[in-house]
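Visitor: Fold the following.
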Amino acid sequence: MGSTLSLDEKATVKRVREFFTDDLPKLQLMAHIRLSSVSLDAMPTHHSNDNTAVDKMTKQVQARLYLDEMVEALSILPDIEQKVITLKYIDGLQWFAISERLHLSVRRLQEIMQKALNDFGTAYTETLDLIG
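Guide: Down below sits the predicted model:
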């Protein structure tokens with residue numbers, strides 16, 4: 001099965017990958033939250049050079065809001081797409097471990113991931129624009 005994503009979809013997938021690999025770890029640090037697939041359902045940028053308590057609190061609150069919106073965007077994806085994104089980007093599993101856990105080939109998982117990242121990007125687009 002070849003890639004059937006359009007140029008816009010490819011750009012969305014690229015941006016979402018950047019979000020999960022670059023932005024999500026930073027948001028978790030700012031929000032003082034460590035996501036895991038177990039706590040995902042229970043989840044409850046301001047730019048400044050100041051390092052005041054108010055500035056830190058503002059960044060923390062904004063990061064938590066972004067994470068809440070991320071969880072909401074994940075929640076509307078099909079179950080398999082949620083699982084693949086969560087296992088890969090939140091739990092940090094390698095493809096072979098995800099393959100064993102979900103009983104799907106790595107190739108099939110990567111196909112699902114392409115669609116999942118595009119679907120997530122569509123659902124999370126406004127927040128991605130704010131973050132990036």
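
Visitor: any low-confidence regions in the chain?
Guide: By pLDDT under 70, the weakly predicted segments of the chain are 1-5, 7, 36-51, 132.

Visitor: give me that answer again for 80
Guide: 1-7, 32-51, 53-55, 126-132 (pLDDT under 80).

Visitor: Distance check, the residue sitting furthest away from the middle of it against Gly121.
Guide: Here the chain reaches farthest from its C-alpha mean at Thr52, the gap being 28.7 Å by Cα atoms, centre = their mean. Thr52 sits 34 Å away from Gly121 when distances are taken as Cβ to Cβ, to the nearest Å. (Glycine included, C-beta is placed from N, CA and C.)

Visitor: Repeat that for Val54.
Guide: Applying Cβ to Cβ to Val54 and Gly121 gives a distance of 32 Å.

Visitor: Just want to know which of these two has more residues nearby.
Guide: Neighbours were counted for Val54 and for Gly121 using other Cβ atoms under 10 Å; Gly121 has more, 21 against 9.

Visitor: does the more buried one really touch Thr12, like I thought?
Guide: Yes: Gly121 is within contact range of Thr12, at 3.7 Å (criterion: Cβ atoms under 8 Å).

Visitor: Is the most centrally placed residue in the chain in a helix, a strand, or coil?
Guide: The centroid of the chain falls nearest to Phe20 when counting by Cα atoms, centre = their mean (4.5 Å). At Phe20 the chain is in helix, as set by DSSP: H, G, I helix; E, B strand; the rest coil.

Visitor: show me what contacts it?
Guide: Neighbouring residues of Phe20 by Cβ atoms under 8 Å, 6 or more residues apart in numbering: Ile85, Lys88, Tyr89.

Visitor: Around Leu130, count how many other residues there are.
Guide: Counted by other Cβ under 10 Å, the residues lying close to Leu130 total 12.
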